[in-house]
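J.: Here you go, sequence then predicted model.
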There are 2 protein chains.
Amino acid sequence: MSTTPPDPDRAVTVALLGAGTVGAQVGRLLNQTAADLAPRVGAPLRLVAVAALDPENPREGIDPAIQTSDARAVATSGADIVVELMGGIEPARSLILDAMAAGSSVVTANKALLAAHGAELHAAAADNGVDLFYEAAVAGAIPLLRPLRESLAGDRVSKVMGIVNGSTNYMLTKMDEEGVTYEQIFDEARALGYLEADPSLDIDGHDAAAKAAILAALAFHTHVTIDDVHCEGISKVTADDVRAAQAMGMVIKLLAVAERVPDGSGVIVRVHPTMLPRSHPLASVRLSFNAVFVEAEAAGELMFYGRGAGGVPTSSAVLGDVVVAARNRVTGSIGPARTVYAKLPVLPIAAAQTRFYVNLDVADRPGVLAAIATAFAKNGVSIQVVRQEGHGDNAGLIVRTHLASEEDLERTVEHLRDMDEVKAVLGVMRVEGEAGT
Amino acid sequence: MSTTPPDPDRAVTVALLGAGTVGAQVGRLLNQTAADLAPRVGAPLRLVAVAALDPENPREGIDPAIQTSDARAVATSGADIVVELMGGIEPARSLILDAMAAGSSVVTANKALLAAHGAELHAAAADNGVDLFYEAAVAGAIPLLRPLRESLAGDRVSKVMGIVNGSTNYMLTKMDEEGVTYEQIFDEARALGYLEADPSLDIDGHDAAAKAAILAALAFHTHVTIDDVHCEGISKVTADDVRAAQAMGMVIKLLAVAERVPDGSGVIVRVHPTMLPRSHPLASVRLSFNAVFVEAEAAGELMFYGRGAGGVPTSSAVLGDVVVAARNRVTGSIGPARTVYAKLPVLPIAAAQTRFYVNLDVADRPGVLAAIATAFAKNGVSIQVVRQEGHGDNAGLIVRTHLASEEDLERTVEHLRDMDEVKAVLGVMRVEGEAGT
């Protein structure tokens, strides 16, 4: 259909797969703001079909006559744009492929699907000459994918760091600002409905990992799936870690990090609790807000900040995609969806070089610091700062390292655990956002 | 040219008008990164001509044979993309119009030109079926115009507030953090070369006003020129104002504000020193960084942060535009340049409603507070907080108002100046970023 000459008098037809919170909102907004949107599209937008599990259920602002339970029929109807808001892998994946085969451009917010099958969907879009847009899949309403894909198209991104899960950022903010323990805030967040039905999606970092895969694929023009992402959640973050971070002028955030290794030979994608200096722009992103920090060779440091979730912000992002896809239909062109993949290899976390924080419970006797410093040095890890805390039974050492490999750091920690001078390794965490080596 | 069928084997030709810092950088990067860019464009990019004032002067990474002093010939050469980096109104304006008439898409970073003649250039682009991109014109490398134009295309922006002039933000940051006076930091900034040759462009807010006009036109899909922008600079910001802001948990920033009035009947665009709560995301934008904060109905609060100026970040933004314009040439489509104008009227600052801070030197005797409160009330301005400071000769009152019109506030200040109880009105400043009325 995209090769048909444009007909500005024709309405652009939109079909919805899924009519939950976001789907119903998108349908309603499409109808309510149709008059505002038409001049931006260059033609009227018309909502022609809505696939819902409960098609008898009336939805505000949506004609009940266009609601149906037959998702396959909606997907293959040949509408100009099919908007997939069902979530999950199947049947969403095959419905999207069917819609593209029928000539429809596709807008989706399905992060799980994109993180698992993004390359397949991009290839199908290119084969069928249709658009595939998914601004809402990462960081809700924050315009992020389009800037990465378009505005930085002439630059070279070296690193992306994001706070992309609002629930865990809410929990870490409360731990930092109110001194509550992980257990206390977990119970509170659950009671408030801030966690997914399966809370491990949030707290174990799986949600952030899916978004990290999508971000990495866009930033580095390469194939990344969620299975390529090294993932650690926040359940091991202790009040001690939070206090240690504060003492060092830092704050703990769950970051999704995607970076090109220094020699450019591959990318590493990881999700884990991270200490950040309080002066870093990401440090002031509080509660359920999201933000993505980008380092590019020419552009320097950039940050995109906003609400990461919620039906209204997400529907704004979906609607923005619908408008762009519709405009492309009217002008008879497809948009810049066809990311060209550089096929950079995704390297294991063992290839990463980061700074580390190591918190040790130590014996209070002469020579302990020397012994511990020797243990770091023997394993090839260079110490940046050591802080001694307490005395007697409460003697502690907080070590911050220079850049070290995961492997060297792991070996160092094993070594430390075997030492008589070390009573316990209380905490180990990566540190980002500091200048220097 | 945009209606010719795409020929993927053909190189996309690029011609540069202007080869100063940014121009030379763009030319060099175009040549150096050509291999990286070709797959993103779908065709090779080829730099074919560079108009420079000193064409004999060799430039790193640019073939001397393509340098010429004949800007008109370069503009009318029919290159796929003409990049204008000369600055100023003329001859930049007529060269761009000539280039469009010859079928070239245009990329520019010329904020003065866009702020004065943006509507004319957009119309010419639409008439000639070519792209007009200018991501670098506002906030350097921060991807901003494209997100506003595309990602928020389905939303309704209610307000945009930006820190868009790095020099004045540097000065205000130093006044806040180091307690220096305006005069001291002005001399320092000048000595460091942080101010334009004509410093009034920065400190009187003219540079910010040009960017405010461009932002407002994009955010509200309406015509705004620099003459529509109410503009106050930072030269009257005193150390007293800075201390008063600190005492209230606020910080002073030079903001470019564009807002839709509550009944939606028009927009107001203004540049002035503003007090912001320290918890506001814009408050932590320090030194020469830029950021733009957007409030949209569905998306909620968004912020875009990054380096606002400098040859390298600016050239990144220009190159991003070149890649998108080139891709549009290859796919035979023009991009989403044709902003559809809603033609909302631009209202005078008198129509604005903001909160105000008023700092008064007052007589220290009973009844003064009552008399002053009465003066505010009589002029229709409601007080939110009053803070009494000092005694005797140093007695002061700091008043923060609820939302008030410019007119009512001005009348109040005149009234205060005439009162026996008021020795002097030390400072008046608008306050943004607070919730509530």
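T.: Cool, the structure landed.
J.: Look up the pLDDT of A:Asp9 for me, please.
T.: pLDDT, A:Asp9: 62.
J.: where are the low-confidence patches of chain A?
T.: Scanning chain A with the threshold set as pLDDT under 70 gives A:1-9, A:333-342, A:435-437.
J.: Now with 80, please.
T.: For chain A, the stretches flagged by pLDDT under 80 are A:1-10, A:39-40, A:140-141, A:145-146, A:149-154, A:308-311, A:331-343, A:391, A:434-437.
J.: Next, the distance between the ends of stretch A:260-268.
T.: Start-to-end span of stretch A:260-268 (CA to CA, to the nearest Å) is 7 Å.
J.: and it, is it in reach of chain B?
T.: No: Stretch A:260-268 is not in contact with chain B by CB under 8 Å from any CB of the partner chain; minimum separation 10.9 Å. C-beta: built from backbone N, CA, C; applies to glycine.
J.: how far out from the middle of the chain is that stretch?
T.: Stretch A:260-268 sits 20 Å away from the centroid of its parent chain (CA atoms, centre = their mean, to the nearest Å).
J.: Ok, stretch A:121-128 next?
T.: On CA atoms, centre = their mean, the centre of stretch A:121-128 falls 23 Å from the chain's centre.
J.: and it, does that touch chain B?
T.: No: Stretch A:121-128 does not reach chain B (CB under 8 Å from any CB); its nearest approach is 11.1 Å.
J.: go on, stretch A:220-234?
T.: Yes: using CB under 8 Å from any CB, stretch A:220-234 comes into contact with chain B via A:His221.
J.: Output that stretch as CSV, restricted to C-alpha atoms.
T.: Presented in CSV, the C-alpha positions along stretch A:220-234 are these (Å, rounded to 0.1, in the frame of the first residue of the first chain):
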residue,chain,number,x,y,z
PHE,A,220,24.2,0.9,18.5
HIS,A,221,22.3,-0.2,15.4
THR,A,222,22.8,-3.8,16.3
HIS,A,223,20.8,-6.9,17.3
VAL,A,224,20.3,-7.3,21.0
THR,A,225,17.8,-9.5,22.7
ILE,A,226,16.9,-9.7,26.4
ASP,A,227,19.0,-12.9,26.6
ASP,A,228,22.1,-10.8,25.9
VAL,A,229,21.5,-8.6,28.9
HIS,A,230,23.4,-9.3,32.2
CYS,A,231,20.8,-8.7,34.8
GLU,A,232,20.9,-8.1,38.6
GLY,A,233,18.0,-6.7,40.6
ILE,A,234,17.8,-4.6,43.7
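J.: quick one: the longest helix along chain A near chain B?
T.: The helix that spans the most residues within chain A, counting by DSSP state H, is helix A:311-330. Yes: with CB under 8 Å from any CB as the criterion, chain B is reached by helix A:311-330 at A:312-313, A:315-324, A:327-328.
J.: list the helices and strands that helix packs on?
T.: Packed against helix A:311-330 by the contact rule (3 or more CB pairs under 8 Å, 6 or more residues apart in numbering or on different chains; DSSP states H and E) you find strand A:12-17, helix A:21-32, helix A:34-41, strand A:45-51, strand A:81-84, strand A:105-108, strand A:132-133.
J.: To chain B, which of those lies closest?
T.: With CB to the nearest CB, the closest approach to chain B among those belongs to helix A:34-41: 4.1 Å.
J.: The closest one packs against which elements?
T.: strand A:45-51, helix A:311-330.
J.: re earlier: return the set of buried residues in the longest helix of chain A.
T.: A:311-330 (16 or more other CB atoms under 10 Å in any protein chain shown).
J.: So what angle separates the directions of the host helix or strand of A:Phe293 and helix A:311-330?
T.: Taking DSSP states H and E as the criterion, A:Phe293 maps to strand A:289-296. Using axes from the mean of the first three to the mean of the last three CA atoms, to 10 degrees, the direction of strand A:289-296 lies 50 degrees away from that of helix A:311-330.
J.: elements contacting strand A:289-296?
T.: strand A:157-163, helix A:166-178, strand A:300-307.
J.: Reformat these as CSV; add distance to chain B.
T.: Output for these, formatted as CSV (distance: least, CB to the nearest CB, whole Å):
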stretch, distance to chain B
strand A:157-163, 11
helix A:166-178, 12
strand A:300-307, 4
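J.: okay if I get the ones you listed as JSON lines plus mean neighbour count?
T.: Shown next, in JSON lines, are those (neighbours: other CB atoms under 10 Å in any protein chain shown):
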{"stretch": "strand A:157-163", "mean neighbour count": "24"}
{"stretch": "helix A:166-178", "mean neighbour count": "21"}
{"stretch": "strand A:300-307", "mean neighbour count": "23"}
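J.: got TSV for these, with distance to A:Ala65 too?
T.: Listed next are these as TSV, based on distance: least, CB to CB, whole Å:
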stretch	distance to A:Ala65
strand A:157-163	42
helix A:166-178	37
strand A:300-307	34
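J.: out of the ones you listed, which comes closest to A:Leu30?
T.: strand A:300-307 (20.6 Å; CB to CB).
J.: Put the alpha carbons of the closest one into CSV.
T.: Provided in CSV are the C-alpha atoms of strand A:300-307 (Å, rounded to 0.1, in the frame of the first residue of the first chain):
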residue,chain,number,x,y,z
GLY,A,300,28.4,15.0,24.4
GLU,A,301,26.1,14.3,27.3
LEU,A,302,22.4,14.3,26.8
MET,A,303,19.5,13.3,29.1
PHE,A,304,15.9,12.6,28.5
TYR,A,305,13.6,12.8,31.5
GLY,A,306,9.9,12.2,32.1
ARG,A,307,7.1,9.9,33.3
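J.: what about it, distance to the chain center?
T.: 13 Å.
J.: now the angle between helix A:166-178 and it, please.
T.: 100 degrees.
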